[in-house]
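Novice: fold the following for me, if possible:
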Amino acid sequence: MTDDALELLARIAKETSLRYGIQMIMTSSLVAKKRKSKQVELPHIERCHKLFFDVQRSTKFIMEYQNQFLFHEVEGELKSTP
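Specialist: Below is the predicted model:
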């Protein structure tokens, strides 16, 4: 793993959670292997970070787009039914 990649992973783990950081290590390693790289580099981590959301980003996404999800429509139907 390159020094830059290690530094980025440490920052991600510090800002999110240790569990998410460990998951990023594993998935970044898989991306590196698929791209036939001998070590994990920044682009591998960035790719995984775009694909897999941590709890905070997941919650933010759901809050922003909650009106477009199916459960929002079901709640509206239940409230309007006498």
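Novice: all contacts plus neighbour counts: C-alpha atoms, from now on.
Specialist: Will do.
Novice: and the longest helix anywhere in the chain, average pLDDT?
Specialist: Taking DSSP state H as the criterion, the chain has its longest helix at helix 18-34. For helix 18-34, mean pLDDT rounds to 94.
Novice: what about the helix or strand that that helix is followed by, average pLDDT?
Specialist: Following helix 18-34 in sequence order, the next helix or strand is helix 42-51 (DSSP states H and E). Taken as a whole, helix 42-51 has an average pLDDT of 94.
Novice: pull the distance from the helix or strand harbouring residue 58 to the chain's centre.
Specialist: Using DSSP H and E, residue 58 maps to helix 55-65. The chain centre lies 11 Å from the centre of helix 55-65; the measure is CA atoms, centre = their mean, to the nearest Å.
Novice: mind saving the C-alpha coords of that helix as CSV?
Specialist: In CSV, the C-alpha atoms belonging to helix 55-65 read as follows (Å, rounded to 0.1, in the frame of the first residue of the first chain):
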residue,chain,number,x,y,z
VAL,A,55,-23.5,5.4,7.7
GLN,A,56,-23.3,9.2,7.7
ARG,A,57,-23.3,9.5,3.9
SER,A,58,-26.1,6.9,3.6
THR,A,59,-28.2,8.9,6.1
LYS,A,60,-27.6,12.1,4.2
PHE,A,61,-28.5,10.5,0.9
ILE,A,62,-31.8,9.1,2.3
MET,A,63,-32.7,12.5,3.8
GLU,A,64,-32.1,14.3,0.6
TYR,A,65,-34.0,11.9,-1.6
